[in-house]
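K.L.:
Structure for this input, please:
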Amino acid sequence: MPPHAQKQSALLRIGKTMLVMGILNITPDSFADGGRYNTLEGAIRHAREMIAEGVDIIDIGGESTRPGAERVSESEELARVIPVITALANDGVKISIDTMRASTAQAAIEAGAHIINDVSGGLSDSKMLAMAAQLKTPYIAMHWRGQSKDMNSMAIYNDVVRDVISELQERIDAALDAGIVKENLIIDPGIGFAKDAHHNWAIIDHVGEFVDLGYPVLIGGSRKRFLGGSTPDEREEASIALTKRLSTTGIWGVRVHSVKPHKEVLPL
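P.N.:
Presented below is the predicted three-dimensional model:
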């Protein structure tokens, strides 16, 4: 077991103040900030800015999952994220690795990350769930229907809340069957992934039903198109308002592009 794994348990307690997860995309093509932090120095500098602003977790990703994005190679993903994780490992902040690959997850945890954030919920890599169980680290399973290049065509639901809960329950069962303990499992309904704007709002309106499943819930709606505005930066105000709204729902955390304004709207 990684030496830091046991220390993570306090972060997973439901009912504590909602956590703020800061996004660090080390990519040239992520929808909101692609290319802004695409160097080792720039990524580390931005991470430390987030730490100074009180971020609870930094989510580091080396592969864009925006609609239409093409996948990068395993070697490219590793080259982007591992040096940054290694540089931040002793800075006292919790780090999650945003990856769909078991091999990248393993390398990231060994380099000093604490959480695996898998947007595919184990569907993209058949080895992922077993790897997460073996590493004994918290695992975030998101609702997912397919790779980024195809997901827009998959936004078809009879009842989006019921359907997403049902499909997430399948991933929960698969994770538990693979040996991931319940105490290490976090769920994410996947705002913006194979979902149109009205689907996203329906999930937010009924987020309590996801909380009622009994697992910590992460919501990642920051700067996404359903919030309105022509550009990601124009959606920042709406993103902050969404964080304020979610702060009273009992969810575990929000995944956001800026830290300070989101921390400022949380209840004291």
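K.L.:
From here on, just use CA atoms for contacts and neighbour counts.
P.N.:
Noted.
K.L.:
So for Glu53, what's the nearest residue that isn't a sequence neighbour?
P.N.:
Leaving aside its sequence neighbours, Glu53 sits nearest to Lys260 (Cα to Cα, 6 or more residues apart in numbering; 5.3 Å).
K.L.:
same deal with Lys263?
P.N.:
In space, and not counting its chain neighbours, Lys263 is closest to Val20: 7.0 Å by Cα to Cα, 6+ apart.
K.L.:
so who does the closest residue to Ser239 other than its chain neighbours touch?
P.N.:
Counting by Cα to Cα, 6+ apart, Ser239 lies nearest to Ser222, which is 5.1 Å off, once chain neighbours are set aside. The contact partners of Ser222, taken as Cα atoms under 8 Å, 6 or more residues apart in numbering, are 235-236, 239, 255-257.
K.L.:
Need the CA coordinates for the helix or strand containing Asp173. PDB is fine.
P.N.:
Under DSSP states H and E, the secondary-structure element containing Asp173 is helix 160-178. Extracted in PDB, the C-alpha atoms of helix 160-178 (Å, rounded to 0.1, in the frame of the first residue of the first chain):
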ATOM      1  CA  VAL A 160     -31.700  10.900 -17.400                       C
ATOM      2  CA  VAL A 161     -31.600  10.800 -13.600                       C
ATOM      3  CA  ARG A 162     -32.900   7.200 -13.400                       C
ATOM      4  CA  ASP A 163     -30.700   6.100 -16.300                       C
ATOM      5  CA  VAL A 164     -27.500   7.600 -14.900                       C
ATOM      6  CA  ILE A 165     -28.200   6.300 -11.500                       C
ATOM      7  CA  SER A 166     -28.800   2.800 -12.900                       C
ATOM      8  CA  GLU A 167     -25.600   2.900 -15.000                       C
ATOM      9  CA  LEU A 168     -23.600   4.300 -12.200                       C
ATOM     10  CA  GLN A 169     -24.800   1.500  -9.900                       C
ATOM     11  CA  GLU A 170     -23.400  -0.900 -12.400                       C
ATOM     12  CA  ARG A 171     -20.000   0.700 -12.100                       C
ATOM     13  CA  ILE A 172     -20.300   0.700  -8.300                       C
ATOM     14  CA  ASP A 173     -21.100  -3.000  -8.300                       C
ATOM     15  CA  ALA A 174     -18.200  -3.600 -10.700                       C
ATOM     16  CA  ALA A 175     -15.800  -1.600  -8.500                       C
ATOM     17  CA  LEU A 176     -16.900  -3.500  -5.300                       C
ATOM     18  CA  ASP A 177     -16.600  -6.800  -7.100                       C
ATOM     19  CA  ALA A 178     -13.100  -5.900  -8.200                       C
END
